[in-house]
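Student: The following block contains a protein sequence and its predicted model.
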Amino acid sequence: MSFRIYPPESSEISPNYWIDPRFIYKNLERFFEEERICGLFKSPTDKEGIGISVLAVEPNCLRLKAMPSSDGSLPRVGSTYTLVTFVDGGKVQFDVKNIRATQENSYACDLPEKMAVIQRRKGFRTPGPGNFDRDFKLLIYFAQGKEMIAQVVDISEDGLQLDLRLDATEMTVGTIWSRCSFERLKIRSEPFDLVIRNTRLSHESSRIRVGCQLLNPTQLNRNEFESTRNAIHTARIQRRLKFWFLNASWYA
């Protein structure tokens, strides 16, 4: 059987990527609601690993099944490993302990006490609230009484990705948009400037994805970006995404 597994992080994991322990079980249920192939590794330097699939998440354990090696043999599974898999565009990693055989080729292990979801980006970024909050938008200011509305695809403390109509305005790399702001039901953040760093077509042929970076931000701009990102991220983990804005510093 052919499958691919990914090695664990060899360096210390940023605090941004650790999930609040209170919500580990809910996220395990979300990540493994369908059977998923993962890798078990003995240490951060182990690059070979063992292929396993997570069959089920139960209140007191995970149910696992070892995957046959390329030669058809079944691997021997010990008691303690690091589990790694990819979900939602990020790498999920946690330690599994007390692995015990339940029947041939099947195992159970304790639920993890810590779990990280690691993103492959320069700055930690979280998806926007999307359909959970259609009132949240980014306003791009052009002239008195003339503004353009953009959907926030994702956000970091240094920039964001927007979804726009393809022919809405000039969107070449290097274009500067001044006095932009977050808005939700007429409540706005402090204005900030953005510079376009990249563009690509959206899933819809009539729309475009635009990657922007904060340009000469004030400390207040940085604080509001970080607060917005953290509020959305925390609300997503807690499954309260409809109410993310309650913890954004600019929303009052």
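Tutor: Arrived safely.
Student: any low-confidence regions in the stretch 51-200 of the chain?
Tutor: The stretch 51-200 of the chain contains residues with pLDDT under 70 at 88-89, 119-123, 143-145.
Student: Strands of that one, start to end?
Tutor: 61-66, 81-87, 90-96, 100-103, 106-109, 116-118, 125-127, 136-143, 146-156, 159-165, 176-184, 187-188, 192-201 (DSSP state E, counting those that start in this stretch).
Student: can you put those in JSON lines and add distance to P15 and mean neighbour count?
Tutor: Just so you know, the C-beta spots here come from the backbone N, C-alpha and C atoms, and that holds for glycine as well. Listed next are the strands of the stretch 51-200 of the chain as JSON lines, based on distance: least, CB to CB, whole Å; neighbours: other CB atoms under 10 Å:
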{"stretch": "strand 61-66", "distance to P15": "25", "mean neighbour count": "20"}
{"stretch": "strand 81-87", "distance to P15": "18", "mean neighbour count": "20"}
{"stretch": "strand 90-96", "distance to P15": "14", "mean neighbour count": "20"}
{"stretch": "strand 100-103", "distance to P15": "32", "mean neighbour count": "10"}
{"stretch": "strand 106-109", "distance to P15": "25", "mean neighbour count": "19"}
{"stretch": "strand 116-118", "distance to P15": "10", "mean neighbour count": "20"}
{"stretch": "strand 125-127", "distance to P15": "15", "mean neighbour count": "19"}
{"stretch": "strand 136-143", "distance to P15": "26", "mean neighbour count": "17"}
{"stretch": "strand 146-156", "distance to P15": "15", "mean neighbour count": "18"}
{"stretch": "strand 159-165", "distance to P15": "20", "mean neighbour count": "21"}
{"stretch": "strand 176-184", "distance to P15": "25", "mean neighbour count": "18"}
{"stretch": "strand 187-188", "distance to P15": "30", "mean neighbour count": "14"}
{"stretch": "strand 192-201", "distance to P15": "25", "mean neighbour count": "16"}
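Student: Serialize these to JSON lines and add fields for distance to L28.
Tutor: As requested, these are exported to JSON lines (distance: least, CB to CB, whole Å):
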{"stretch": "strand 61-66", "distance to L28": "7"}
{"stretch": "strand 81-87", "distance to L28": "11"}
{"stretch": "strand 90-96", "distance to L28": "9"}
{"stretch": "strand 100-103", "distance to L28": "18"}
{"stretch": "strand 106-109", "distance to L28": "12"}
{"stretch": "strand 116-118", "distance to L28": "11"}
{"stretch": "strand 125-127", "distance to L28": "19"}
{"stretch": "strand 136-143", "distance to L28": "28"}
{"stretch": "strand 146-156", "distance to L28": "23"}
{"stretch": "strand 159-165", "distance to L28": "28"}
{"stretch": "strand 176-184", "distance to L28": "31"}
{"stretch": "strand 187-188", "distance to L28": "35"}
{"stretch": "strand 192-201", "distance to L28": "33"}
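Student: Figure out which of those is closest to L241.
Tutor: strand 125-127 (9.7 Å; CB to CB).
Student: R236 - how many residues pack around it?
Tutor: 17 (other CB atoms under 10 Å).
Student: Beta-bridge partners for I176, please?
Tutor: V195 (DSSP bridges).
Student: What's the separation between the closest residue to F23 other than its chain neighbours and G159?
Tutor: In space, and not counting its chain neighbours, F23 is closest to I237: 4.8 Å by CB to CB, 6 or more residues apart in numbering. Distance, I237 to G159, using CB to CB, to the nearest Å: 22 Å.
Student: try R229
Tutor: Separation of R229 from G159 (CB to CB) stands at 10 Å.
Student: Check N60 too.
Tutor: 42 Å.
Student: ok, and the closest non-adjacent residue to the residue nearest in space to the middle of the chain?
Tutor: Nearest to the mean C-alpha position of the chain, counting by CA atoms, centre = their mean, stands T126 at 5.2 Å. In space, and not counting its chain neighbours, T126 is closest to H233: 4.1 Å by CB to CB, 6+ apart.
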